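*Asks:* here you go, sequence then predicted model.
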Amino acid sequence: MAQKPNIYIIATGGTIAGQADSASATVGYRAGELTVEQLMASVPGLDKLANLSGEQLCNIDSKDMQEDIWLQLARHVVKEAARNNVDGIVITHGTDTMEETAWFLQLALQTEKPVVLTGAMRPATAISADGPMNLWQAVRVAADPGAQGRGVLVVMNGQIDAAEKVTKASANTLQAFRSIGSGPAGVIVNEKIFWQNYSVAQTECGNTCSDSEPTGNVKHAFSATKLYFPTENLTRLPKVRIIYGYVGGDDALFVKAALQDGAKGLVYAACGNGSVPEKLASVLQEAVVSGVPVVIATRCSGGIVVLPKEMTEKNGFIAGGSLNPQKAKILLQLTLTKTNEVKAIQAFFH
Ligand code: SIN
């Protein structure tokens, strides 16, 4: 009989570990109550998929996720991924900020081994709670040789998404996650995994994918096997603030407050393809001149910010590309650990 893979589960909290007073409650429950042992025990047949071990890193609602917990999480993943007897890692996490944690890990890790985040939209006490199936499918993906080298993945509701592309697109429904512009990296049906897109740069269609039936070839920007941003020796990430664009939001109040508060970089969530209101443009440019890089992202849910030359060459703004504002912020933070030179930062965003 083939040996079962060894999967390490790092639990951080969220609705998957949440409990409510009523079985029909899907809001107003308490996230982050069940332990990693309780989660593992709650999924029938999980132990048939893999040998399981795990740890409780924290037990929080992911709205309270902190960057220092990210740094700790990255260290734990690096340590476990380096062990010969660990084949893959699953991280249970609240869905609200799951895309941010996934993207941070994508940039901060260097491993071929699958790293899979999962959570739930309904608390563990709900009728038809989705957590157990999501955890089962996450372990299934983490245990699959075909998931190797694909970078950090999110598995929710039968769908596999790459960290770079995925976003939480619904506040309530079970099908909450989408990869806008590319579609999911794969889907899971029963025990079978159908890979549809390749999740990371330099990953070619290969025969190593067990149960994999690739139908596309979307290349993602960051490779799983290259370490872009070492975080091992960091105690914190540089402070970067997001300024949200909207009608009437051109009075520079929040830009000034962010700078006074010591922001080392800013992300402007523009209304469309990176256009910045006139009054704000001058304040943002002053920030650039004073050595605080400004990335222009978009509040639109899809598309790619491409700035006119005037905005990049004259104003010194950095185009955020296809990253949403919260992911552009993370890339800017990590880039700032290496450089605050505008051209070098732009190169990472390219
Ligand atoms: C959370 O993000 O921790 C709460 C919401 C959820 O997990 O769906």
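*Replies:* Yes, it's here.

*Asks:* contacts and neighbour counts: CA atoms only from here.
*Replies:* Will do.

*Asks:* K48 versus D251, what's the distance?
*Replies:* The gap separating D251 from K48 is 59 Å, by Cα to Cα, to the nearest Å.

*Asks:* nearest spatial neighbour of L109, skipping sequence neighbours?
*Replies:* Counting by Cα to Cα, 6 or more residues apart in numbering, L227 is the residue found nearest to L109 once chain neighbours are left out, at 6.1 Å.

*Asks:* need the three-state assignment for that neighbour.
*Replies:* Three-state assignment for L227 (DSSP: H, G, I helix; E, B strand; the rest coil): coil.

*Asks:* quick check: mean pLDDT of the lengthiest strand in the chain?
*Replies:* The longest strand of the chain (DSSP state E) is strand 51-60. Averaged over strand 51-60, pLDDT sits at 98.

*Asks:* ok, stretch 86-97 next?
*Replies:* Rounded mean pLDDT across stretch 86-97 is 98.

*Asks:* and the contacts of it?
*Replies:* By Cα atoms under 8 Å, 6 or more residues apart in numbering, the residues outside stretch 86-97 that reach it are 5-16, 31, 60-63, 65, 77, 80-81, 113-121, 135, 138-139, 142-143, 168.

*Asks:* just the buried subset of those, written out for PyMOL, thanks.
*Replies:* In PyMOL, a selection of the buried entries from those looks like this (16 or more other Cα atoms under 10 Å):
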select buried, resi 5+6+7+8+9+10+11+12+13+14+15+16+31+60+61+62+65+77+80+81+113+114+115+116+117+118+119+120+121+135+138+139+142+143+168
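
*Asks:* low-confidence bits of the chain, can you list those?
*Replies:* 1, 197-221 (pLDDT under 70).

*Asks:* what does it put close to the ligand?
*Replies:* 14-15, 31, 61-63, 94-97, 120-121 (Cα under 6 Å from any ligand atom).

*Asks:* mind doing that once more with 5 Å?
*Replies:* Contacts of the chain with the ligand, taken as Cα under 5 Å from any ligand atom, map to 14-15, 61-62, 94-96, 121.

*Asks:* contact partners of the lengthiest helix in the chain?
*Replies:* The longest helix of the chain (DSSP state H) is helix 67-81. With contacts defined as Cα under 8 Å, 6+ apart, helix 67-81 is touched by 8, 57, 86-89, 101, 104-105, 108-111, 113, 231-232, 234-237.

*Asks:* following it, which helix or strand comes up?
*Replies:* Next along the chain after helix 67-81, taking DSSP states H and E as the criterion, comes strand 88-92.

*Asks:* so how far is that following strand from its chain's centroid?
*Replies:* In terms of Cα atoms, centre = their mean, to the nearest Å, the centre of strand 88-92 is set 13 Å apart from its chain centre.

*Asks:* which strands border it, and is each parallel or antiparallel?
*Replies:* strand 6-13 (parallel), strand 115-118 (parallel) (DSSP bridges).

*Asks:* who are the contact partners of T173?
*Replies:* Counting by Cα under 8 Å, 6+ apart, T173 touches M121.

*Asks:* mind listing the strands for the stretch 251-350 of the chain?
*Replies:* Listed in chain order, the strands of the stretch 251-350 of the chain (DSSP state E, counting those that start in this stretch) span 265-270, 294-298, 318-319.

*Asks:* also the stretch 101-250 of the chain?
*Replies:* Going by DSSP E, counting those that start in this stretch, the stretch 101-250 of the chain shows strands at 115-118, 152-156, 159-162, 166-168, 177-179, 186-189, 192-195, 240-244.

*Asks:* out of those, which gets nearest to A347?
*Replies:* Ranking the strands of the stretch 101-250 of the chain by proximity to A347 (Cα to Cα) places strand 240-244 first, at 18.3 Å.
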